[in-house]
Every structure is written in structure tokens, then in C-alpha cells.
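**Q** Whatever this is, show me its structure:
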Amino acid sequence: MRIAFITNTHNIHNGQYKANTFNSTNSTMPVNFKSDSFEKSDKAKLYEKIEHQQRKELYKVLAEIEKEKQNSDTSLYTLESLNDRLENINNEYKKLNEMLSQSSGKNQSYNYEIIMQYMEARANMAADKGFNRIVGHDKLKGKLIETFCIGTILNDKLEKNDNIKEAKVPDIILFYGPTGTGKTTFARALGEEAQTYTAEPNWVELSAQNSPEKKLEIIKDLAQRAKENYNKSSDKKRTIIILNEVDTLIASPDIYTNPVKRAQQERIVKDFISLARDCAQNYKCTLFLTTNEPQRIDKRILDKNMSPAKIGLEPSPPEVLQEILKKKLSFFNVSIDTDEIMKKLLENKSSSEYSNSDIESLVDNVMRYYKKPSVDDFIEEIECGFEPGISKESMDNFNEFKISQKNNIDEEWRELS
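**A** Numbering: from 1, shown residues only. Got it, this is the predicted structure:
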């Protein structure tokens, strides 16, 4: 299974990736610091260690970019994917250096051990791949594995056999739900899970600056290459093309009042439909779409004949949020009683809801200050304005859309929707 991942990031063309490379004079790498909980010499050594590791990771990716730029067959999405890796590396190390540069008040707890623990946790999280990273949703995970991992292998590698149940591979799967409920995580996890069954996946993230027309051009390129890869490979690898925030691409033309913009959007939607229809059969790929605002998507694309699987990810119940909390803490080798923390979260949420990403952020916020935090440290963080990320309005919109699609889902996927 090959994976292509499309979302929003900066592009890499015409040498723009050079702006993301590490520079020791960059403001994200402060050189003036105060002596705090450990000696200046120790702090300088840690800066040096972080810089060395960052340079090592950056140069590895830059070498891959240079190699790909020399390859005439290299596609746009390959370079976009490498650029995304550069950006992620810089963001992670910027966070580490911000932690190290703070040294007053509560931040006195920033010491060598905390920074090293944070770096170790980062490595532990990076090693957590596939559906292992997702708590709950066992039936959905099983269905996706059956359809996109095991099922496609049976369909495409083995001869027809009455004892083998063929997987019906959809052209489009839509994951929708409020921000932070795990839609993109599911997309990434599916790609990583597919990797365990076939070959290493290809990932791509499309620039936010790209126009809808440019996005369509890249998706067409991906689909064509998916077909070529399938025909060339002996093990018949299919492709999953993952598009984040897809409502920005295939919104209904009716939402636009400007007649020129409406006509332009109508062309984009028709082009998308032409490409997506029967893409599982024609191009050996499935479009995996995610959105926070499914009601914006054109109704022709939402039709169950085109999008048979529409999976709504709602806020996780308290018991799942607690498991996410425990899992995140385990990356830091921290084991504490989480019952009181969850009790405080539930008291604090009012009519809003905490998302999966909210819980992960809570752990990040506390672990930036304490090596071995107590329950009271988490409660203090919650009381200091840690608000839920999912509003009542967002939940109302989610439930309204879910009800509207009740009879617009293929029977095979209805139980999971």
C-alpha cells in the first residue's frame, strides 16, 4: 500500500526549502541566558547537544531533497513531503530551545533532566506507529485494516477463491468531526498500518498557498502515478491519497455569492467528481478525506454512490480520554493516579467538550515544567484557564450533519458511522 498525504504546509519549489534550514544565529536559538537551576556550562552543552541533533536530522532530509531534485522522475508531492519533514524538525527543536531559554519563576524547574526527558518522550512518540497510537475505535480500525490492508492484498495478489471474501474498496472515505477528535491521526495511522502489510508509504503535504486548481493538478498526478505504480509492482500496491481540510477544495458552489467565484468552484467540483468517480478501479487508489466542516462539501460528492463511507468522529468519552492521558504520560515514563485529573476536567468542561488533542496538550503543558509531576500540578494547570477545545456550536453542527447523512451511507459502513 502506498500512501500520499495532502494537507497544508509551505511549499518547497525554487529553493524555498532553504529558508527552513537551521541557522545558528536564528532567534529560535538564543545565545544569552541566565544561570538558573544548573550551571551555564551545562546549559551551553545542552544547547550544543540540541543543535547537533537538529543539524543531523535536517542535513539528512536536505540530502534527500538534493537527490530528488536531480531525479527527473521526482514528483511534486515527493518534494512537498520532504519539506514537511524539515518544517516538523524545526518546530520540534524550536520548542526545545524555548523551554531551555526560560529561567524565571515557575520556569526554574527547567533543568537538564527535564529537557532530556522531553527529548526522550519525543523519540518515544515518534516510534508509536499505526493504529497502536489510537485509543479505542476497535471496530473501525478492524474494518479499515480489512479493507485497505488485508482485503486489497487478497483482491490483487491471489487468484479467485470461493473461500476468500473480497474487500469492496471505496473511491472515497470521509472522516468528519470537530477539531482535535483524531481525523488526521486516523489518516496517518492508516498509512503507517498499511506499511506493515506492504511497502513503505509515500507521504505528501500540499502547500496552503496552492490554489484549488493546483491542488487538483497534484491529485491527478498522484492518481496517475498510483495506477502506474500498481501496474509496475509485482505485489500490486494500491495507494491511499489523504486530503486534509477537504472542504476548502470541494465546497459547494452555492455558498459563494460572487457569480465568477461560483462558476469557478463549479468547475473544480466537476473536475474532482470526474477524477474521484471509480478511482478505486481506474487508478487503484482511494481518496481519504478529512474535514471539520462537512456541511460545506458539495452534495454531489456526499452522495453515497460516490462517498459510501462517512465516518463521524465525535469527542471521546471520559474513559477513552483517560486512556489517552495515561498513554501520553507513559511516553514521559510518568505513572500517576489520573482519576482526580479526569474528575477536574469533567467539572471544568461545562457545555463544551475536551478533545483528544486537548488531553495531549495538557500533558505537554505540565511536562514542560516538571520531571515528576503530581496530580496537584495537573489540577493547577486546569484551573489556570485550560478550556475545552470543542464548543457547543461545533457539536451542534456535527450532530446536525450526522443526522442529515443517516440514510446517505452505504450499508457496509453504516454501523461505523
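
**Q** Tell me where the chain has strands.
**A** Using DSSP state E, the strands found in the chain span residues 2-6, 172-176, 239-243, 285-291, 309-312.

**Q** Next, format those as CSV and append distance to Asp271.
**A** For the C-beta atoms, the positions are set from N, CA and C on the backbone; glycine is no exception. Putting those into CSV (distance: least, CB to CB, whole Å) gives the following:
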stretch, distance to Asp271
strand 2-6, 16
strand 172-176, 15
strand 239-243, 14
strand 285-291, 13
strand 309-312, 22
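
**Q** For the ones you listed, give me CSV that also has mean pLDDT and distance to Ile336.
**A** Conversion of the strands of the chain to CSV gives the following (pLDDT from 0 to 100; distance: least, CB to CB, whole Å):
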stretch, mean pLDDT, distance to Ile336
strand 2-6, 44, 35
strand 172-176, 93, 32
strand 239-243, 83, 35
strand 285-291, 89, 33
strand 309-312, 92, 33
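
**Q** now those strands as TSV including mean neighbour count and distance to Lys129?
**A** Output for the strands of the chain, formatted as TSV (neighbours: other CB atoms under 10 Å; distance: least, CB to CB, whole Å):
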stretch	mean neighbour count	distance to Lys129
strand 2-6	27	12
strand 172-176	25	19
strand 239-243	25	15
strand 285-291	26	17
strand 309-312	22	21
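
**Q** right, and those strands - which one's nearest Lys232?
**A** Distances from Lys232 to each of those were compared by CB to CB, and the smallest falls on strand 2-6, at 11.4 Å.

**Q** remind me which residues of the stretch 151-300 of the chain are low pLDDT?
**A** Along the stretch 151-300 of the chain, segments meeting pLDDT under 70 span 151-167, 195-209, 235.

**Q** rewinding a little: out of the strands of the chain, the one nearest Gly182 is which?
**A** Gly182 lies closest to strand 172-176 among the strands of the chain, at 8.6 Å (CB to CB).

**Q** That closest one relative to strand 285-291, how many degrees between them?
**A** An angle of 20 degrees separates the directions of strand 172-176 and strand 285-291 when computed by axes from the mean of the first three to the mean of the last three CA atoms, to 10 degrees.

**Q** Put the alpha carbons of strand 172-176 into PDB.
**A** Taking C-alpha atoms only, strand 172-176 is exported to PDB below (Å, rounded to 0.1, in the frame of the first residue of the first chain):
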ATOM      1  CA  ILE A 172     -13.900   8.000  -1.200                       C
ATOM      2  CA  ILE A 173     -13.900   7.800   2.600                       C
ATOM      3  CA  LEU A 174     -14.900  10.900   4.500                       C
ATOM      4  CA  PHE A 175     -13.800  11.400   8.100                       C
ATOM      5  CA  TYR A 176     -15.500  14.400   9.700                       C
END
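
**Q** and that strand, which strands flank it?
**A** Each strand paired with strand 172-176, and its direction, by DSSP bridges: strand 285-291 (parallel), strand 309-312 (parallel).

**Q** Show me the contact partners of that strand.
**A** By CB atoms under 8 Å, 6 or more residues apart in numbering, the surrounding residues in contact with strand 172-176 are 183, 186-187, 246, 276, 286-292, 294, 297, 301-302, 306-313, 398, 401.

**Q** at 6 Å instead, please
**A** Among residues not part of strand 172-176, those counted as contacts by CB atoms under 6 Å, 6 or more residues apart in numbering are 183, 186, 276, 287-291, 294, 307, 309-312.

**Q** Tabulate those residues (TSV), appending distance to Leu216.
**A** Below are the contacts of strand 172-176 laid out as TSV (distance: CB to CB, whole Å):
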residue	distance to Leu216
Lys183	22
Phe186	24
Ala276	11
Leu287	12
Phe288	16
Leu289	14
Thr290	17
Thr291	17
Pro294	20
Ser307	17
Ala309	22
Lys310	22
Ile311	24
Gly312	26
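
**Q** which one of those is nearest Met119?
**A** Within the contacts of strand 172-176, proximity to Met119 (CB to CB) peaks at Phe186, which comes in at 27.1 Å.

**Q** Look at the closest one and say how many residues are nearby.
**A** Phe186 sits with 26 neighbouring residues when counted by other CB atoms under 10 Å.
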